[in-house]
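Trainee: got a predicted structure plus its sequence, pasted below:
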Amino acid sequence: MKYFRSIVGRVVSWLIVFIFVIFSSVLPVYSFDIGEEREVGEKLLYTIRSSFQLIDDPDITQYISNLGETVLEVAGIQYFDYHFFIIDNREFNAFAAPSGLIFFHSGLIGAMNSENELVSVLAHEIGHIVKRHLAARVEKGKYTSIASLGLALAALAFGGSAAPALFQGALATGQSLNLHYSRMHEEEADLLAYSWMKNLNRSPEGQARMLETMRRIARYRSDKLPQYLLTHPNPEARLSTIEALLDVDQSWVDELEEATDDFEFLRFKYRILSQVKEASSLRPYFASVLSNSRASQMHKSMAKYGMAQIAKNENDFDQSLNLLKEVIEQYPNKTILKVDKAAVEVAAGLNEKAERTLRVALRVNNSDMYGTFLLAKLLARTGRNQEAEKYFKAVMYELPEYSKVYFELGQLASIEGSYGISNFYLGKFNLYEGKLPLAVSNFKAAIKDDGLSEEMKNESKKLLKKIKKISK
């Protein structure tokens, strides 16, 4: 029976791959062109920024962006610059928006158990953008404006209580949009994700496990399906396809060393969950991992890490530091844990200890923008504004859309009496927070300041034009 299943799997898989190659060899031309897609993506991004809380701490942004870049390296030349975001929302959802914007809801991150599962979903969403599936569902003549399309796509993105209001806005202009992907689109994105994971030498079993999670949720929440299952349908059929491919590749999969070091993923996951979930629901979960005799040492250590995050949030700094000390002893070479320790020390007011910890960590890894931002804030807190500005600008250079760094730079400029510069930075802060009217006010005030450099004046004027364009 197993042999028969393997033969059938091989036949099905090769048929799928053959059809995929035939129909994906030439990128179709759509009336919804690249320029329009960029415009819709930009409008949607600022809608999301103004409507939802993004979890954009530098370490979280760097982790998800680095994973995305590894997939893009094997995906080939792209039409767009990609950006990856985490939305504070408990819905089981992820979505690819026009022009290379990919969003994960924290609820979906919480349902994942490994980095390979995360990469599989990330690769799947990149697949939708690469094949321009959103463009395939849009016929230019059916939309009176790019803005109405943006509203419809925002409804796709948000789901939950936000969807009705957004749909109403889109439909008020007489528009309608079939927002779910077709089965062919889902198969194309799945096959691309599968092939890219193979190219990355990652086990596609992570993709199968994620589809199993989707199938389980579809079965047990059939009365109210999560948005991801409405817009990414057919988990049963998709799982069968991936399992058939795994049957064909079984010898290769068996030779792969299944990733056992999910340290970075679990830290990422628990950092997010500690920000969006109540301690009363997280603490029992971590306690169950610690008491589970079958849990690996890594999972137990990272459960302690999660407990340390809870303790920090509850201002139990001694407990948080003690737990982190145990995790650091288990992973002495993971510099990011020392940054986590410094974050607790900063919160506890242990400024000198925190500074020593951060400077040691940054000597090992000076590309860590989480540690750099924390050190800059500590320096500003203790009155060393010039040095703080240097570190804030390093973060600004590496993470140019990180809104909080502009707020800090604006505050420093205000303290120095440089109000034009302060308004310039606060304008960028409000822009990246999605608060466009406030950004306009800041930039106009900045331009009127005689002390503002020509470079900053020109950038302010450019950003005002951009705001006017995306506000239409």
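Mentor: That came through fine. Numbers count the residues shown, from 1 in each chain.

Trainee: residues touching the closest residue to residue 94 other than its chain neighbours, list them.
Mentor: Sequence neighbours aside, residue 104 is the residue nearest to residue 94 in space, at 4.7 Å (criterion: CB to CB, 6 or more residues apart in numbering). C-beta: built from backbone N, CA, C; applies to glycine. By CB atoms under 8 Å, 6 or more residues apart in numbering, residue 104 lies in contact with 64, 84, 85, 86, 87, 93, 94, 121, 122.

Trainee: got it, and residue 60?
Mentor: Taking CB under 8 Å, 6+ apart, one finds 86, 268, 271, 272 in contact with residue 60.

Trainee: top of those residues by neighbour count?
Mentor: residue 86 (26 neighbours; other CB atoms under 10 Å).

Trainee: quick one: mean pLDDT for stretch 413-432?
Mentor: The average pLDDT within stretch 413-432 is 96.

Trainee: what does it rub up against?
Mentor: 49, 385, 401-404, 406-407, 409-411, 436, 438-443, 445-446, 448-452, 456, 459-460, 463, 467.

Trainee: poorly predicted segments of the protein, please.
Mentor: 1-32, 135-181, 220-233, 257-260 (pLDDT under 70).

Trainee: tell me the centre residue of it?
Mentor: What sits nearest the mean C-alpha location of the chain, by CA atoms, centre = their mean, is residue 85, with 3.0 Å.

Trainee: what's opposite it in the beta bridge?
Mentor: Under DSSP bridges, the beta-bridge partners of residue 85 are residue 103.

Trainee: strands along this protein, start to end?
Mentor: Remark: strands assigned in the chain by DSSP state E are 83-87, 94-97, 101-105.

Trainee: just these: most buried one?
Mentor: Highest mean neighbour count among the strands of the chain (mean count of other CB atoms under 10 Å): strand 94-97, with a mean of 26.

Trainee: ok so, going back, ok, the residue nearest to the centre of the chain to residue 390 distance?
Mentor: Residue 85 is 27 Å from residue 390, where distance means CB to CB, to the nearest Å.

Trainee: for residue 435, same thing?
Mentor: For residue 435, the distance to residue 390 - CB to CB - is 27 Å.

Trainee: before we move on, what about residue 66?
Mentor: 24 Å.

Trainee: ok, residue 94 next?
Mentor: Distance from residue 94 to residue 390, by CB to CB: 37 Å.

Trainee: the residue nearest to the centre of the chain and residue 105 touch, don't they?
Mentor: No - using CB atoms under 8 Å, residue 85 is not in contact with residue 105; the gap is 10.0 Å.

Trainee: ok so, going back, please produce TSV containing the strands of the chain, extended by distance to residue 113.
Mentor: Output for those, formatted as TSV (distance: least, CB to CB, whole Å):
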stretch	distance to residue 113
strand 83-87	17
strand 94-97	16
strand 101-105	15
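
Trainee: burial count for residue 77?
Mentor: Residues near residue 77, counting by other CB under 10 Å: 6.

Trainee: for residue 117, that is, sorry about that
Mentor: 24.

Trainee: next up, the contacts around the closest residue to residue 57 other than its chain neighbours.
Mentor: Closest residue to residue 57 apart from its sequence neighbours, by CB to CB, 6+ apart: residue 370 at 6.4 Å. Contact analysis of residue 370 by CB under 8 Å, 6+ apart lists 57, 58, 59, 62, 336, 339.

Trainee: against residue 58, how distant is residue 370?
Mentor: 4 Å.

Trainee: likewise for residue 459?
Mentor: For residue 459, the distance to residue 58 - CB to CB - is 23 Å.

Trainee: out of these two, which sits in the busier spot?
Mentor: The residue with more neighbours, out of residue 459 and residue 58, is residue 58; 21 against 17, by other CB under 10 Å.

Trainee: do I have it right that that one meets residue 372?
Mentor: Yes - counting by CB under 8 Å, residue 58 does reach residue 372; the two are 7.5 Å apart.

Trainee: list residues touching both of the two?
Mentor: Common neighbours of residue 58 and residue 372 (CB under 8 Å, 6+ apart) are residue 395.

Trainee: I figured residue 367 hits residue 397, correct?
Mentor: No - at 11.3 Å, residue 367 does not count as touching residue 397 under the criterion of CB under 8 Å.

Trainee: more neighbours, residue 435 and residue 390?
Mentor: Taking neighbours as other CB under 10 Å, residue 435 and residue 390 compare with residue 435 leading, 18 against 13.

Trainee: leaving out the residues flanking it, which one is nearest to the more buried one?
Mentor: Closest to residue 435 by CB to CB, 6+ apart is residue 50, at 6.5 Å.

Trainee: same thing with residue 41?
Mentor: residue 99 (3.1 Å).

Trainee: same question for residue 331.
Mentor: residue 337 (6.1 Å).

Trainee: around that neighbour, how many other residues sit close by?
Mentor: 23.

Trainee: distance of it from residue 413?
Mentor: 34 Å.

Trainee: same question, residue 278
Mentor: Counting by CB to CB - residue 278 and residue 413 are separated by 38 Å.

Trainee: and if you look at residue 256?
Mentor: In terms of CB to CB, residue 256 sits 52 Å off from residue 413.

Trainee: higher neighbour count, the two?
Mentor: For residue 256 versus residue 413, neighbours defined as other CB under 10 Å are more numerous around residue 413 (20 against 14).

Trainee: with that, I have no additional questions.
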